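> sequence and predicted model, in that order:
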Amino acid sequence: MGHSHSHNHSHAHDLNGRNLFISILLNIVITVAQVIGGLVSGSLALLSDALHNFSDVVSLIISWIANKLVKKKASLKRTFGYKRAEILAAFINASTLIIVAILLIFEAMERFQNPQEIGSNLVIWLSGIAILGNGFSVLLLKRNANDNMNMKSAYLHLLTDMMASVAVLIGGLLMKFYQIWWIDSALTFAISIYLIVMGWNLLKDSFKVLMLFTPESTSVDAIVEDIQRIEVIKNIHHVHIWQLNEDEIHLEAHIDFNKDIKLSEFDIILNEIEELIFHKYEINHINIQPEFGKCDAKDVIVQD
């Protein structure tokens, strides 16, 4: 038997999809402009920033596709639908974020050893345009970045690229007025370290969801203790708790009763369990298998 406390998130997904689409268009324009500017000015910094923007475009497209997939209905072949699409997108984007950051570190080290004079005026103007474009995209995605791993991964990609563009702008200004050629490399290195830290945290969080780990904020022992306080319950065992996506936490368990109760009585107890677990632990999908005198393993965690 099961239960679900559900909420309507379709409007939020529609808004996220629109914001992602706008960000994709902005980043395509920025990427094309930076490639042309980098080739004209001979700026490796601009070309590398264009590469970062292109990686943003790819990550945003992945996030946008996931946002569309998650709204598809469940079917006989896909009983959960595509509810994990956004978690998978977050994992992919977090992985690419770390890879790009590592490549940036090597690029910064090489550029530090071999600084070269470039056309700074074009670098300054185009990096300024990139900051404005990425800054607008960051504002679009920031609102839901803390509540949705997919949006957070896209947000981090854009925030990173905006910071990289700031580094290019500062480098361009210092090169133009003070001929300090190494500053761009130093700033790029610092941004890359920040990227790795943020990307690693997101990678860990999305990995835990994909692997069906118990959410860190959920205590299995406390849940078992609370349920076993109900008078007619003898034992709760074979417990599984996992997070399906951003909105759903599932619990399934076997409950051994100390007497042979009627189905109508079980429904009353089940409703009590559902309300307790939802309001105290925010678990909104519960599936309980009732048992009486069944000979099976009674451990809380049973390896299937």
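Arrived safely, thanks for sending. Because the structure is a prediction, the values reported are computed rather than measured.
> the residue lying closest to residue 60 once chain neighbours are set aside: which element?
Nearest residue to residue 60, sequence neighbours excluded (Cβ to Cβ, 6 or more residues apart in numbering): residue 24, at 4.7 Å. From N, CA and C alone the C-beta is placed, and that goes for glycine too. Following DSSP states H and E, one finds residue 24 within helix 10-41.
> what about the chain, any weak spots by pLDDT?
By pLDDT under 70, the weakly predicted segments of the chain are 1-12, 42-46, 115-119, 304.
> that one: helices as residue ranges?
10-41, 44-69, 85-113, 120-142, 149-178, 183-210, 220-227, 263-281 (DSSP state H).
> can you add distance to residue 250 and mean neighbour count and give these back as a markdown table?
Supplementary listing: the helices of the chain in a markdown table, determined by distance: least, Cβ to Cβ, whole Å; neighbours: other Cβ atoms under 10 Å:
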| stretch | distance to residue 250 | mean neighbour count |
| --- | --- | --- |
| helix 10-41 | 20 | 18 |
| helix 44-69 | 20 | 22 |
| helix 85-113 | 14 | 20 |
| helix 120-142 | 28 | 20 |
| helix 149-178 | 17 | 24 |
| helix 183-210 | 12 | 19 |
| helix 220-227 | 13 | 15 |
| helix 263-281 | 11 | 15 |
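> how about these, which one is nearest residue 303?
helix 220-227 (14.7 Å; Cβ to Cβ).
> a markdown table for the helices of the chain, including distance to residue 290?
Output for the helices of the chain, formatted as a markdown table (distance: least, Cβ to Cβ, whole Å):
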| stretch | distance to residue 290 |
| --- | --- |
| helix 10-41 | 34 |
| helix 44-69 | 36 |
| helix 85-113 | 32 |
| helix 120-142 | 45 |
| helix 149-178 | 35 |
| helix 183-210 | 29 |
| helix 220-227 | 12 |
| helix 263-281 | 5 |
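> of all those, which one is nearest residue 294?
The nearest among the helices of the chain, by Cβ to Cβ, is helix 263-281 at 14.4 Å.
> hmm, who's touching that closest one?
With contact meaning Cβ atoms under 8 Å, 6 or more residues apart in numbering, helix 263-281 is reached by 1, 3, 5, 218-219, 222-223, 226-227, 230, 232-233, 249, 251, 257, 261, 283-284, 286, 288, 290.
> and those, which of them are in strands?
Counting by DSSP state E, the part of those found in strands is 3, 233, 249, 251, 257, 286, 288, 290.
> surely the second one is in contact with residue 227?
Going back to what we said before, that points to residue 233. Yes - at 6.4 Å, residue 233 counts as touching residue 227 under the criterion of Cβ atoms under 8 Å.
> show me the common contact partners of those two, please.
Common neighbours of residue 233 and residue 227 (Cβ under 8 Å, 6+ apart) are residue 255.
> among the contacts of helix 263-281, name the buried ones.
Buried subset of the contacts of helix 263-281 (neighbour count, 16 or more other Cβ atoms under 10 Å): 3, 218, 223, 226-227, 233, 249, 251, 257, 283-284, 286, 288, 290.
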